[in-house]
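Q: got a sequence here, can you build the structure:
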Amino acid sequence: HFDEYCVAPIVHGDIELASYDFWAVGTNCCDQRDGLFRCGEYANIHARSGLRYMDQERQQHFMAAVKQAEAAFGLKAKHPLLFTWLQDPLAMINTKVASA
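A: Down below sits the predicted model:
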(Lines give C-alpha, C1' and ligand atoms only; values in the text may rest on other atoms or scores of the structure.)
Protein backbone atom coordinates (compact mmCIF):
# COMPACT_ATOMS: atom_id res chain seq x y z
CA HIS A 1 0.00 0.00 0.00
CA PHE A 2 1.41 3.32 -1.08
CA ASP A 3 0.44 6.71 0.31
CA GLU A 4 -1.05 9.32 -1.97
CA TYR A 5 0.50 12.73 -1.33
CA CYS A 6 -2.06 15.49 -1.75
CA VAL A 7 -1.41 19.20 -2.22
CA ALA A 8 -3.56 22.26 -2.89
CA PRO A 9 -2.46 25.86 -3.23
CA ILE A 10 -3.67 28.15 -0.46
CA VAL A 11 -5.30 31.10 -2.17
CA HIS A 12 -7.76 33.88 -1.47
CA GLY A 13 -10.52 34.04 -4.04
CA ASP A 14 -9.87 33.59 -7.74
CA ILE A 15 -6.90 35.95 -8.02
CA GLU A 16 -4.13 34.48 -10.16
CA LEU A 17 -0.69 34.70 -8.57
CA ALA A 18 2.75 34.90 -10.16
CA SER A 19 3.90 32.21 -7.72
CA TYR A 20 1.84 29.86 -5.56
CA ASP A 21 4.09 29.42 -2.55
CA PHE A 22 1.69 28.33 0.19
CA TRP A 23 0.37 24.75 -0.05
CA ALA A 24 -1.97 22.73 2.15
CA VAL A 25 -0.88 19.08 2.32
CA GLY A 26 -2.08 15.69 3.50
CA THR A 27 -1.87 12.02 2.70
CA ASN A 28 -4.61 9.78 1.30
CA CYS A 29 -7.18 12.58 1.43
CA CYS A 30 -7.69 13.70 -2.15
CA ASP A 31 -9.31 12.18 -5.19
CA GLN A 32 -7.84 12.58 -8.65
CA ARG A 33 -11.18 11.68 -10.26
CA ASP A 34 -13.11 14.61 -8.79
CA GLY A 35 -10.15 16.86 -7.96
CA LEU A 36 -11.30 17.40 -4.39
CA PHE A 37 -8.85 18.06 -1.56
CA ARG A 38 -10.15 16.68 1.75
CA CYS A 39 -7.09 16.97 3.96
CA GLY A 40 -6.69 18.26 7.49
CA GLU A 41 -9.73 20.06 8.85
CA TYR A 42 -11.12 20.81 5.38
CA ALA A 43 -14.74 20.45 6.59
CA ASN A 44 -14.28 22.71 9.62
CA ILE A 45 -15.73 26.13 8.73
CA HIS A 46 -13.56 27.65 11.49
CA ALA A 47 -10.30 26.29 10.07
CA ARG A 48 -8.45 29.23 8.62
CA SER A 49 -4.93 28.47 9.76
CA GLY A 50 -2.05 26.24 8.92
CA LEU A 51 0.79 24.63 10.77
CA ARG A 52 4.04 24.47 8.85
CA TYR A 53 4.76 20.91 7.74
CA MET A 54 8.30 20.00 8.78
CA ASP A 55 8.54 16.19 8.46
CA GLN A 56 11.69 15.95 6.33
CA GLU A 57 11.08 12.31 5.43
CA ARG A 58 7.74 13.00 3.75
CA GLN A 59 8.42 16.57 2.64
CA GLN A 60 10.19 15.42 -0.53
CA HIS A 61 7.06 13.52 -1.59
CA PHE A 62 4.89 16.61 -1.09
CA MET A 63 7.37 18.71 -3.08
CA ALA A 64 7.09 16.19 -5.92
CA ALA A 65 3.29 16.55 -5.72
CA VAL A 66 3.67 20.34 -5.94
CA LYS A 67 5.78 19.87 -9.10
CA GLN A 68 3.05 17.65 -10.55
CA ALA A 69 0.41 20.29 -9.75
CA GLU A 70 2.56 22.96 -11.43
CA ALA A 71 2.72 20.85 -14.59
CA ALA A 72 -0.93 19.79 -14.54
CA PHE A 73 -2.42 23.24 -13.91
CA GLY A 74 0.18 25.60 -15.38
CA LEU A 75 1.16 27.06 -12.01
CA LYS A 76 4.48 28.34 -10.70
CA ALA A 77 5.70 27.65 -7.16
CA LYS A 78 9.06 29.37 -6.75
CA HIS A 79 9.42 28.83 -3.00
CA PRO A 80 6.72 26.36 -1.88
CA LEU A 81 5.98 26.14 1.84
CA LEU A 82 3.85 23.27 3.13
CA PHE A 83 1.12 23.50 5.76
CA THR A 84 -1.44 21.25 7.39
CA TRP A 85 -4.86 22.89 7.39
CA LEU A 86 -6.50 23.27 10.83
CA GLN A 87 -8.44 25.55 13.14
CA ASP A 88 -6.05 25.87 16.07
CA PRO A 89 -2.32 25.40 15.36
CA LEU A 90 -1.37 26.33 18.93
CA ALA A 91 -3.55 23.54 20.35
CA MET A 92 -1.86 21.07 17.98
CA ILE A 93 1.59 22.24 19.12
CA ASN A 94 0.59 21.97 22.78
CA THR A 95 -0.73 18.44 22.19
CA LYS A 96 2.53 17.38 20.53
CA VAL A 97 4.65 18.95 23.30
CA ALA A 98 2.57 17.28 26.01
CA SER A 99 2.92 13.88 24.36
CA ALA A 100 6.69 14.18 23.86
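Q: where do the helices sit along the protein?
A: Ranges of helices in the chain, per DSSP state H, are 56-73, 89-99.
Q: of the ones you listed, flag the one that's most buried.
A: When the helices of the chain are scored by mean count of other C-beta atoms under 10 Å, the highest mean neighbour count falls to helix 56-73 (a mean of 14). Every C-beta, even on glycine, is put in place using the N, C-alpha and C of the backbone.
Q: elements contacting it?
A: Packing contacts for helix 56-73, counted by 3 or more C-beta pairs under 8 Å, 6 or more residues apart in numbering; DSSP states H and E, involve strand 5-9, strand 22-27, strand 81-86.
Q: let me see the mean pLDDT of the last one.
A: Spelled out, it's strand 81-86. Per-residue pLDDT over strand 81-86 has a mean of 94.
Q: neighbours of Ala77, how many?
A: When neighbours are counted by other C-beta atoms under 10 Å, Ala77 registers 19.
Q: one step back: now distance to Cys30 and mean pLDDT too, for the helices of the chain, in CSV please.
A: Rendered in CSV, the data for those read as follows (distance: least, C-beta to C-beta, whole Å; pLDDT from 0 to 100):
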stretch, distance to Cys30, mean pLDDT
helix 56-73, 9, 95
helix 89-99, 21, 88
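Q: so which of those gets nearest Tyr20?
A: Using C-beta to C-beta as the measure, helix 56-73 is the one of the helices of the chain that comes nearest Tyr20, at 8.1 Å.
Q: what sits up against that closest one?
A: By C-beta atoms under 8 Å, 6 or more residues apart in numbering, the list of residues contacting helix 56-73 from outside reads 3, 5-9, 23, 25, 27, 53, 75-77, 80, 82.
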